[in-house]
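>>> model this:
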Amino acid sequence: MYWALTTDLVDTRGFEFEQVLADIQTLNQWARAGRLEVTAISLAAYPFVQEDYALLPHGASIGTGYGPIVVAREPLEVDALRDLEIVVPGAMTTAFLVLRLVLGDFRYREMPFEEIPDEVASGRAAAGLLIHEGQLTFSDLGLHKVLDLGEWWLLETGLPLPLGVNTVRRDVGADRLGALSEVLRDAIRCGLENRAEALEYALQFGRGIDAAAADRFIEMYVNDLTEDYGDEGRMAVSELLRRGEAIGAFPRPVTIDFVD
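Okay, the predicted model is just below:
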């Protein structure tokens, strides 16, 4: 999604961009401090920063029928997870929120997402919640899938599961938000239209996964819904945040505000 901004293929309309790399839980925490003008965050973190940030209508990671997974070293029934400590990639991630919707309250321990597969495989954790490419590579460590949250969500609601979202800080200025949004949408579209070049760029940030796995992961989460949520994507955002409110996950009522 960012690749085109490193080329001359997109008119940046006078904006200057600096790529800042961090894991999603760090970005969630930075957003609470208003650190970045434009940032990816977990949808579940948006209610905590809604006064400072608006949702961009593009850039989201949305999957239909698949999503973060819970794994263990041996096959388990979903109900068994309620009695286990589960390592999770952050209490502000959307994956954690959806797991709460499935299990209710459960014991958990936070750790960086990329360390969770080894934590479970080593036996130091009974189960782990995997996001990012761990959803594809867990079987390489001999782990078993217990629950797919995207599958559960689709059966529960009939909707895709919105996970990560792109947001913009409101003090960028109302008169500039539309133009900035257009630049970022153009960059996403350009990446999708020049997939091979964009994939080659993305692989340098792939934490060692091969091109085939990276291409599969990108296909899962950079798609037509990334270019624009559409009515279905917006319905999914509303439903997930409504359910989060119902279990008391957020400090205040949520106002969903997309940049036009």
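
>>> Excluding sequence neighbours, find me the nearest residue to Ile116.
Computed as CB to CB, 6 or more residues apart in numbering, the closest residue to Ile116 that is not its neighbour in sequence is Gly128, at 4.2 Å. Just so you know, the C-beta spots here come from the backbone N, C-alpha and C atoms, and that holds for glycine as well.

>>> isn't Asp165 right up against Ala54?
If you look again at residue 165, you'll see it is Val, not Asp. No: under the criterion of CB atoms under 8 Å, Val165 is not in contact with Ala54, lying 10.5 Å apart.

>>> Tell me which of the two has more neighbours.
Neighbours per residue (other CB atoms under 10 Å) separate Val165 from Ala54, with Val165 holding more: 27 against 22.

>>> Just name whatever secondary elements the host helix or strand of that one is in contact with.
For Val165, the element it lies in under DSSP states H and E is strand 161-169. Other helices and strands packing on strand 161-169, by 3 or more CB pairs under 8 Å, 6 or more residues apart in numbering; DSSP states H and E, are strand 38-42, helix 46-49, strand 53-55, strand 61-63, helix 94-103, helix 149-157, helix 174-193, helix 230-246.

>>> gap between the helix or strand that the fifth one is followed by and the chain center?
Using DSSP H and E, the next helix or strand after helix 94-103 towards the C-terminus is strand 107-110. Centroid separation for strand 107-110 versus its chain: 19 Å, with CA atoms, centre = their mean, to the nearest Å.

>>> What is the subsequent helix or strand relative to strand 107-110?
helix 116-121.

>>> So which bits of that following helix are buried?
Going by neighbour count (16 or more other CB atoms under 10 Å), the buried part of helix 116-121 is Ile116, Pro117, Glu119, Val120, Ala121.

>>> likewise stretch 235-252?
Met235, Ala236, Val237, Glu239, Leu240, Leu241, Arg243, Gly244, Ala249, Phe250.

>>> Give me the neighbour count for Trp3.
So Trp3, with other CB under 10 Å, has 20 neighbours.

>>> related to what we said a few turns ago, so can I have TSV of the helices and strands packed on strand 161-169 showing mean pLDDT?
What follows is these, written out as TSV (pLDDT from 0 to 100):
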stretch	mean pLDDT
strand 38-42	97
helix 46-49	98
strand 53-55	97
strand 61-63	92
helix 94-103	98
helix 149-157	97
helix 174-193	94
helix 230-246	97
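
>>> export the ones you listed to JSON lines and tack on distance to Val259?
Formatted as JSON lines, the helices and strands packed on strand 161-169 follow (distance: least, CB to CB, whole Å):
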{"stretch": "strand 38-42", "distance to Val259": "11"}
{"stretch": "helix 46-49", "distance to Val259": "13"}
{"stretch": "strand 53-55", "distance to Val259": "5"}
{"stretch": "strand 61-63", "distance to Val259": "17"}
{"stretch": "helix 94-103", "distance to Val259": "20"}
{"stretch": "helix 149-157", "distance to Val259": "25"}
{"stretch": "helix 174-193", "distance to Val259": "5"}
{"stretch": "helix 230-246", "distance to Val259": "13"}
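
>>> quick one: which of the ones you listed is nearest Trp3?
helix 174-193 (5.2 Å; CB to CB).
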